[in-house]
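Student: Kindly return the folded structure for what I paste below:
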Amino acid sequence: MNSLLPDPSASVLDRIKCSMVGLKMPRAIEVVDDCVSRLDRGEITALEAVEQLLLEELTFREERRIRTALRMGRVNTVKTLAGYDFSFQPSLDKARIMALAELNFVARAEVVHLLGPPGTGKSHLASALGLEAVKAGKSVTFITLADLIGALAKAEREGTLRERLRFYCRPSLLIVDEIGYLPVIPGGGNLFFQLVNARYEKGAMILTSNRGFAEWGDIFGSPVVATALLDRLLHHAIVIQIDGSSYRLRRHADLLPEHIRSNARITPPALVEPRRRGRPPKNGGQPPTN
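Tutor: A predicted model of the protein is given here:
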(Lines give C-alpha, C1' and ligand atoms only; values in the text may rest on other atoms or scores of the structure.)
Protein backbone atom coordinates (compact mmCIF):
# COMPACT_ATOMS: atom_id res chain seq x y z
CA MET A 1 0.00 0.00 0.00
CA ASN A 2 1.37 3.41 -0.97
CA SER A 3 2.18 5.76 1.88
CA LEU A 4 0.12 8.92 2.22
CA LEU A 5 3.15 10.76 3.56
CA PRO A 6 4.71 13.30 1.16
CA ASP A 7 8.02 12.60 -0.56
CA PRO A 8 10.76 14.40 1.47
CA SER A 9 12.61 15.20 -1.75
CA ALA A 10 9.66 17.10 -3.25
CA SER A 11 9.26 20.87 -3.01
CA VAL A 12 7.60 22.36 0.03
CA LEU A 13 4.51 23.30 -1.97
CA ASP A 14 4.23 19.80 -3.45
CA ARG A 15 4.60 18.28 0.01
CA ILE A 16 1.82 20.58 1.28
CA LYS A 17 -0.44 19.51 -1.58
CA CYS A 18 0.34 15.85 -0.91
CA SER A 19 -0.61 16.34 2.75
CA MET A 20 -3.84 18.01 1.68
CA VAL A 21 -4.66 15.01 -0.49
CA GLY A 22 -4.06 12.70 2.46
CA LEU A 23 -6.25 14.88 4.67
CA LYS A 24 -8.96 15.02 1.95
CA MET A 25 -8.96 18.79 1.55
CA PRO A 26 -10.03 19.26 -2.09
CA ARG A 27 -10.99 22.92 -1.82
CA ALA A 28 -7.73 23.86 -0.09
CA ILE A 29 -5.81 22.19 -2.92
CA GLU A 30 -7.69 24.33 -5.44
CA VAL A 31 -6.76 27.63 -3.76
CA VAL A 32 -3.32 26.92 -2.33
CA ASP A 33 -1.47 28.23 -5.41
CA ASP A 34 -3.36 31.51 -5.22
CA CYS A 35 -2.60 31.79 -1.49
CA VAL A 36 1.09 31.22 -2.12
CA SER A 37 1.10 33.87 -4.88
CA ARG A 38 -0.57 36.40 -2.58
CA LEU A 39 1.91 35.48 0.15
CA ASP A 40 4.87 36.03 -2.23
CA ARG A 41 3.48 39.45 -3.20
CA GLY A 42 3.20 40.43 0.44
CA GLU A 43 -0.59 40.82 0.30
CA ILE A 44 -1.16 38.43 3.19
CA THR A 45 0.90 37.05 6.05
CA ALA A 46 1.71 33.38 6.56
CA LEU A 47 -0.93 33.11 9.28
CA GLU A 48 -3.52 34.76 7.03
CA ALA A 49 -2.66 32.28 4.27
CA VAL A 50 -3.23 29.38 6.65
CA GLU A 51 -6.48 30.97 7.79
CA GLN A 52 -7.69 31.39 4.20
CA LEU A 53 -6.90 27.78 3.32
CA LEU A 54 -8.70 26.44 6.38
CA LEU A 55 -11.70 28.75 5.90
CA GLU A 56 -12.06 27.78 2.24
CA GLU A 57 -12.01 24.10 3.14
CA LEU A 58 -14.39 24.53 6.09
CA THR A 59 -16.85 26.50 3.96
CA PHE A 60 -16.70 23.87 1.23
CA ARG A 61 -17.38 21.06 3.70
CA GLU A 62 -20.24 22.94 5.35
CA GLU A 63 -21.91 23.61 2.00
CA ARG A 64 -21.50 19.95 1.09
CA ARG A 65 -23.02 18.89 4.43
CA ILE A 66 -26.01 21.16 3.87
CA ARG A 67 -26.54 19.88 0.32
CA THR A 68 -26.40 16.28 1.50
CA ALA A 69 -28.79 16.93 4.40
CA LEU A 70 -31.26 18.70 2.11
CA ARG A 71 -31.13 15.84 -0.38
CA MET A 72 -31.61 13.24 2.37
CA GLY A 73 -34.51 15.27 3.73
CA ARG A 74 -36.13 15.50 0.28
CA VAL A 75 -35.89 19.29 0.24
CA ASN A 76 -35.57 19.36 -3.53
CA THR A 77 -36.24 23.06 -4.07
CA VAL A 78 -34.05 25.20 -1.85
CA LYS A 79 -35.73 28.42 -0.74
CA THR A 80 -34.35 31.09 1.57
CA LEU A 81 -35.91 33.68 3.82
CA ALA A 82 -33.90 36.34 1.97
CA GLY A 83 -35.64 35.24 -1.23
CA TYR A 84 -39.16 35.68 0.15
CA ASP A 85 -40.87 38.91 -0.89
CA PHE A 86 -42.40 40.08 2.38
CA SER A 87 -43.49 43.33 0.72
CA PHE A 88 -45.91 41.35 -1.47
CA GLN A 89 -47.64 39.90 1.60
CA PRO A 90 -48.02 42.87 3.99
CA SER A 91 -50.34 40.84 6.25
CA LEU A 92 -47.38 38.64 7.20
CA ASP A 93 -45.33 39.73 10.20
CA LYS A 94 -41.72 39.42 9.02
CA ALA A 95 -40.39 39.72 12.57
CA ARG A 96 -42.45 36.71 13.58
CA ILE A 97 -41.02 34.61 10.74
CA MET A 98 -37.48 35.68 11.57
CA ALA A 99 -38.11 34.70 15.18
CA LEU A 100 -39.10 31.22 13.96
CA ALA A 101 -35.75 31.08 12.14
CA GLU A 102 -34.08 31.08 15.56
CA LEU A 103 -35.53 27.52 15.83
CA ASN A 104 -36.74 27.69 19.40
CA PHE A 105 -39.92 25.96 18.24
CA VAL A 106 -37.80 22.97 17.19
CA ALA A 107 -36.25 22.70 20.63
CA ARG A 108 -39.73 22.89 22.18
CA ALA A 109 -41.17 20.28 19.77
CA GLU A 110 -43.91 22.67 18.69
CA VAL A 111 -46.04 22.67 15.56
CA VAL A 112 -46.03 25.63 13.17
CA HIS A 113 -49.11 26.00 10.96
CA LEU A 114 -48.76 28.13 7.82
CA LEU A 115 -52.24 28.84 6.47
CA GLY A 116 -53.23 30.79 3.40
CA PRO A 117 -54.56 30.69 -0.15
CA PRO A 118 -52.51 29.00 -2.88
CA GLY A 119 -49.45 30.90 -4.06
CA THR A 120 -48.93 32.99 -0.94
CA GLY A 121 -45.55 31.47 -0.13
CA LYS A 122 -46.36 28.86 2.50
CA SER A 123 -44.15 26.18 0.97
CA HIS A 124 -41.40 28.75 0.40
CA LEU A 125 -41.39 29.72 4.07
CA ALA A 126 -41.55 26.09 5.21
CA SER A 127 -38.61 25.17 2.99
CA ALA A 128 -36.64 28.24 4.10
CA LEU A 129 -37.18 27.40 7.78
CA GLY A 130 -36.12 23.84 7.01
CA LEU A 131 -32.93 25.21 5.47
CA GLU A 132 -32.22 27.22 8.63
CA ALA A 133 -32.69 24.05 10.69
CA VAL A 134 -30.28 22.11 8.46
CA LYS A 135 -27.70 24.89 8.78
CA ALA A 136 -28.03 24.59 12.56
CA GLY A 137 -27.31 20.86 12.38
CA LYS A 138 -30.91 19.68 12.77
CA SER A 139 -32.28 16.75 10.79
CA VAL A 140 -35.15 17.73 8.51
CA THR A 141 -37.59 15.86 6.27
CA PHE A 142 -39.85 17.64 3.76
CA ILE A 143 -42.80 15.78 2.22
CA THR A 144 -46.27 16.50 0.90
CA LEU A 145 -49.23 15.06 2.78
CA ALA A 146 -50.19 12.95 -0.26
CA ASP A 147 -46.73 11.40 -0.49
CA LEU A 148 -46.56 10.88 3.27
CA ILE A 149 -49.88 9.06 3.47
CA GLY A 150 -48.98 7.09 0.36
CA ALA A 151 -45.76 5.92 2.00
CA LEU A 152 -47.56 5.00 5.22
CA ALA A 153 -50.30 3.13 3.34
CA LYS A 154 -47.70 1.16 1.37
CA ALA A 155 -45.89 0.28 4.59
CA GLU A 156 -49.15 -0.85 6.16
CA ARG A 157 -49.85 -3.17 3.23
CA GLU A 158 -46.34 -4.60 3.48
CA GLY A 159 -46.47 -5.05 7.24
CA THR A 160 -43.75 -2.46 7.91
CA LEU A 161 -45.86 0.41 9.23
CA ARG A 162 -44.14 0.49 12.63
CA GLU A 163 -40.73 0.87 11.00
CA ARG A 164 -42.00 3.58 8.63
CA LEU A 165 -43.53 5.53 11.53
CA ARG A 166 -40.21 5.34 13.35
CA PHE A 167 -38.50 6.63 10.20
CA TYR A 168 -40.69 9.75 10.11
CA CYS A 169 -40.22 10.25 13.86
CA ARG A 170 -36.44 10.50 13.54
CA PRO A 171 -36.00 14.01 12.09
CA SER A 172 -35.94 16.93 14.50
CA LEU A 173 -38.24 18.78 12.11
CA LEU A 174 -40.86 17.18 9.87
CA ILE A 175 -42.39 19.48 7.24
CA VAL A 176 -45.71 18.30 5.80
CA ASP A 177 -46.71 20.37 2.79
CA GLU A 178 -49.97 20.82 0.86
CA ILE A 179 -52.57 19.71 3.40
CA GLY A 180 -55.95 20.05 1.71
CA TYR A 181 -54.72 20.23 -1.89
CA LEU A 182 -55.49 16.61 -2.81
CA PRO A 183 -58.10 14.17 -1.47
CA VAL A 184 -56.87 11.89 1.30
CA ILE A 185 -57.22 8.20 0.52
CA PRO A 186 -59.58 6.13 2.72
CA GLY A 187 -57.83 5.34 5.97
CA GLY A 188 -55.22 8.01 5.32
CA GLY A 189 -56.41 10.18 8.17
CA ASN A 190 -55.89 7.33 10.63
CA LEU A 191 -52.36 6.76 9.33
CA PHE A 192 -51.51 10.45 9.62
CA PHE A 193 -52.92 10.48 13.15
CA GLN A 194 -50.63 7.62 14.16
CA LEU A 195 -47.62 9.62 13.00
CA VAL A 196 -48.81 12.83 14.67
CA ASN A 197 -49.48 10.91 17.87
CA ALA A 198 -46.01 9.33 17.75
CA ARG A 199 -44.31 12.73 17.30
CA TYR A 200 -46.52 14.52 19.82
CA GLU A 201 -44.34 16.55 22.23
CA LYS A 202 -41.27 14.75 20.85
CA GLY A 203 -40.58 16.33 17.46
CA ALA A 204 -41.35 19.66 15.82
CA MET A 205 -43.46 19.97 12.69
CA ILE A 206 -44.32 22.59 10.09
CA LEU A 207 -47.65 22.10 8.32
CA THR A 208 -48.85 24.11 5.33
CA SER A 209 -52.48 24.22 4.24
CA ASN A 210 -54.81 26.21 2.03
CA ARG A 211 -57.77 25.13 4.18
CA GLY A 212 -58.88 26.30 7.60
CA PHE A 213 -59.00 23.95 10.57
CA ALA A 214 -62.81 23.87 10.39
CA GLU A 215 -62.47 22.10 7.03
CA TRP A 216 -60.17 19.34 8.20
CA GLY A 217 -63.13 17.00 8.67
CA ASP A 218 -63.70 17.24 4.92
CA ILE A 219 -59.99 16.87 4.15
CA PHE A 220 -59.55 13.68 6.16
CA GLY A 221 -63.04 12.30 5.57
CA SER A 222 -63.99 12.20 9.25
CA PRO A 223 -64.72 14.92 11.83
CA VAL A 224 -63.62 12.47 14.53
CA VAL A 225 -60.19 11.96 12.95
CA ALA A 226 -59.84 15.69 12.33
CA THR A 227 -60.66 16.46 15.97
CA ALA A 228 -58.13 13.91 17.19
CA LEU A 229 -55.47 15.38 14.90
CA LEU A 230 -56.12 18.97 15.91
CA ASP A 231 -56.14 17.98 19.59
CA ARG A 232 -52.45 17.13 19.21
CA LEU A 233 -51.48 19.63 16.54
CA LEU A 234 -52.94 22.68 18.28
CA HIS A 235 -51.79 21.87 21.80
CA HIS A 236 -48.33 23.42 21.39
CA ALA A 237 -48.87 25.35 18.20
CA ILE A 238 -47.89 28.53 16.38
CA VAL A 239 -50.52 29.52 13.81
CA ILE A 240 -49.51 31.95 11.07
CA GLN A 241 -52.14 33.25 8.69
CA ILE A 242 -51.07 34.65 5.32
CA ASP A 243 -53.69 36.85 3.69
CA GLY A 244 -53.04 37.90 0.14
CA SER A 245 -53.11 37.00 -3.52
CA SER A 246 -50.93 34.51 -5.32
CA TYR A 247 -47.33 35.60 -5.77
CA ARG A 248 -47.00 33.31 -8.78
CA LEU A 249 -50.00 34.90 -10.52
CA ARG A 250 -49.21 38.51 -9.64
CA ARG A 251 -48.30 39.43 -13.20
CA HIS A 252 -51.54 38.03 -14.58
CA ALA A 253 -53.99 39.10 -11.90
CA ASP A 254 -56.04 41.18 -14.33
CA LEU A 255 -56.78 38.03 -16.37
CA LEU A 256 -58.28 36.09 -13.45
CA PRO A 257 -61.97 35.97 -12.50
CA GLU A 258 -62.95 38.13 -9.55
CA HIS A 259 -63.77 35.16 -7.31
CA ILE A 260 -60.18 33.92 -7.72
CA ARG A 261 -58.65 37.35 -7.19
CA SER A 262 -60.56 37.84 -3.96
CA ASN A 263 -58.62 37.10 -0.80
CA ALA A 264 -60.82 34.99 1.42
CA ARG A 265 -59.30 34.71 4.87
CA ILE A 266 -58.73 31.25 6.27
CA THR A 267 -59.69 31.75 9.88
CA PRO A 268 -58.72 29.08 12.40
CA PRO A 269 -61.27 28.41 15.15
CA ALA A 270 -60.76 29.76 18.63
CA LEU A 271 -58.34 27.54 20.50
CA VAL A 272 -59.59 25.69 23.54
CA GLU A 273 -57.81 25.98 26.86
CA PRO A 274 -54.52 24.09 26.46
CA ARG A 275 -54.33 20.78 28.21
CA ARG A 276 -51.52 20.14 30.62
CA ARG A 277 -48.35 18.76 29.12
CA GLY A 278 -47.93 15.03 29.06
CA ARG A 279 -48.53 12.03 26.87
CA PRO A 280 -52.10 11.41 25.75
CA PRO A 281 -53.87 8.27 27.00
CA LYS A 282 -52.78 5.18 25.17
CA ASN A 283 -55.41 3.96 22.74
CA GLY A 284 -53.47 1.72 20.41
CA GLY A 285 -52.32 4.57 18.22
CA GLN A 286 -55.79 5.18 16.83
CA PRO A 287 -58.02 8.27 17.10
CA PRO A 288 -61.15 7.94 19.24
CA THR A 289 -64.32 6.68 17.57
CA ASN A 290 -67.92 7.75 17.95
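
Student: Can you give me the pLDDT of residue 12?
Tutor: Per-residue pLDDT puts residue 12 at 89.

Student: Could you do residue 109 as well?
Tutor: 97.

Student: Quick one: classify it as helix, strand or coil.
Tutor: coil (DSSP: H, G, I helix; E, B strand; the rest coil).

Student: doesn't residue 202 make contact with it?
Tutor: Yes: if you go by CB atoms under 8 Å, residue 109 and residue 202 touch, sitting 5.8 Å apart. From N, CA and C alone the C-beta is placed, and that goes for glycine too.

Student: what about the two, which has more around it?
Tutor: The neighbour comparison of residue 109 against residue 202 (other CB atoms under 10 Å) goes to residue 109, with 16 against 10.

Student: show me what contacts that one?
Tutor: Contact analysis of residue 109 by CB atoms under 8 Å, 6 or more residues apart in numbering lists 199, 201, 202, 203, 204, 236.

Student: Let's see that with 6 Å instead.
Tutor: 201, 202, 203, 204 (CB atoms under 6 Å, 6 or more residues apart in numbering).

Student: Tell me how far the second one lies from residue 196.
Tutor: In other words, residue 202. Counting by CB to CB, to the nearest Å, the gap from residue 202 to residue 196 is 11 Å.

Student: swap in the third one?
Tutor: Relative to residue 196, residue 203 is positioned 10 Å away (CB to CB).

Student: Phi, psi for the nearest residue to residue 236 once chain neighbours are set aside please.
Tutor: Nearest non-adjacent residue to residue 236, counting by CB to CB, 6 or more residues apart in numbering: residue 110, 4.6 Å away. Main-chain torsions, residue 110, degrees, to the nearest 10: phi -90, psi 170.

Student: next SSE after the lengthiest helix in the chain?
Tutor: Determined from DSSP state H, the single longest helix within the chain is helix 46-72. Moving toward the C-terminus from helix 46-72, the next helix or strand (DSSP states H and E) is helix 94-100.

Student: All the helices of the stretch 151-290 of the chain, residue numbers only.
Tutor: Secondary structure of the stretch 151-290 of the chain (DSSP state H, counting those that start in this stretch): helices located at 161-169, 188-199, 216-220, 223-233, 258-261.
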